[in-house]
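Peer 1: 3D, please:
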Amino acid sequence: MLLLAPERIVKITPEKTKASRKASITRVEEKELTLTLESPLKLYPGEEVALEIPQEEDALYIIKGRVLKAPGEKELTLGELSEPTRIQRRKSQRIPSKLKVKYSFSLDKKYQNNYKKGICLNVSRQGVLLATREKLPLEYELILLLEVSLKGQEIYSIKVRGELIREELNLPRITGKFKYGYGVELIDPFPLLDN
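Peer 2: Below is the predicted model of the structure:
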């Protein structure tokens, strides 16, 4: 998806006053951008502004520019646009990984050994991105068994509960047979202990 495209909703913030307004992009040219503001904002040619452009649920892009024309309080033309800067919006950062993982849908102990294989593509404090060989139903609770080795030492198994909260459509090609991706929100922030 293009960052700057007609009809895209953005937030514009003047560097001087920090009074933000939502705006819709109406025209995009090579070095200029025209916006229509949802509510009036008095800006003058030469003022610096920042555009916030949401791209993904976890990212925000910032593009800085300068007001070229402000014929009214609800229409602007910007120029001198900077390259986009990506800002992480998650509560905790994702750490890329290729951890081998096993998962099971059963919370009943007598069926918990019926694990299927997967790959954990990234890990954060709140969840993981799980790649599987088969399509899985959303909003199901599951048990994840992560296998972790610290600097080539002994392999540790960590068992956690999670819920499938979204399907990830853009998996990297490195997943091979694991072609389905799911965001898993961790329910238990600490590992489950076997008794």
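
Peer 1: By mean pLDDT, flag the weakest helix or strand of this protein.
Peer 2: Counting by mean pLDDT, DSSP states H and E, the chain has its least confident helix or strand at strand 85-88, which shows a mean of 79.

Peer 1: Report all helices and strands that that strand contacts.
Peer 2: In this structure, strand 85-88 packs against strand 59-69, with contacts taken as 3 or more C-beta pairs under 8 Å, 6 or more residues apart in numbering; DSSP states H and E. C-betas here are computed from N, CA, C, even on glycine.

Peer 1: moving C-terminal of the strand it packs on, what's the next helix or strand?
Peer 2: Using DSSP states H and E, the helix or strand that follows strand 59-69 in sequence is strand 75-79.

Peer 1: From the contact counts, what lies against the helix or strand hosting residue 10?
Peer 2: Taking DSSP H and E as the criterion, residue 10 maps to strand 9-14. When contacts are defined as 3+ C-beta pairs under 8 Å, 6+ apart, strand 9-14 sits against strand 21-28, strand 33-37, strand 48-56.

Peer 1: what's the average pLDDT for the first one?
Peer 2: The one in question is strand 21-28. Averaged across strand 21-28, pLDDT comes to 92.

Peer 1: Need the residues that contact it.
Peer 2: Contacts to strand 21-28, defined as C-beta atoms under 8 Å, 6 or more residues apart in numbering, come from residues 4-12, 33-39, 41, 75-76.

Peer 1: Take the helices and strands packed on strand 9-14 and lay them out in JSON lines including distance to residue 86 and mean neighbour count.
Peer 2: Shown next, in JSON lines, are the helices and strands packed on strand 9-14 (distance: least, C-beta to C-beta, whole Å; neighbours: other C-beta atoms under 10 Å):
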{"stretch": "strand 21-28", "distance to residue 86": "19", "mean neighbour count": "16"}
{"stretch": "strand 33-37", "distance to residue 86": "19", "mean neighbour count": "18"}
{"stretch": "strand 48-56", "distance to residue 86": "8", "mean neighbour count": "17"}
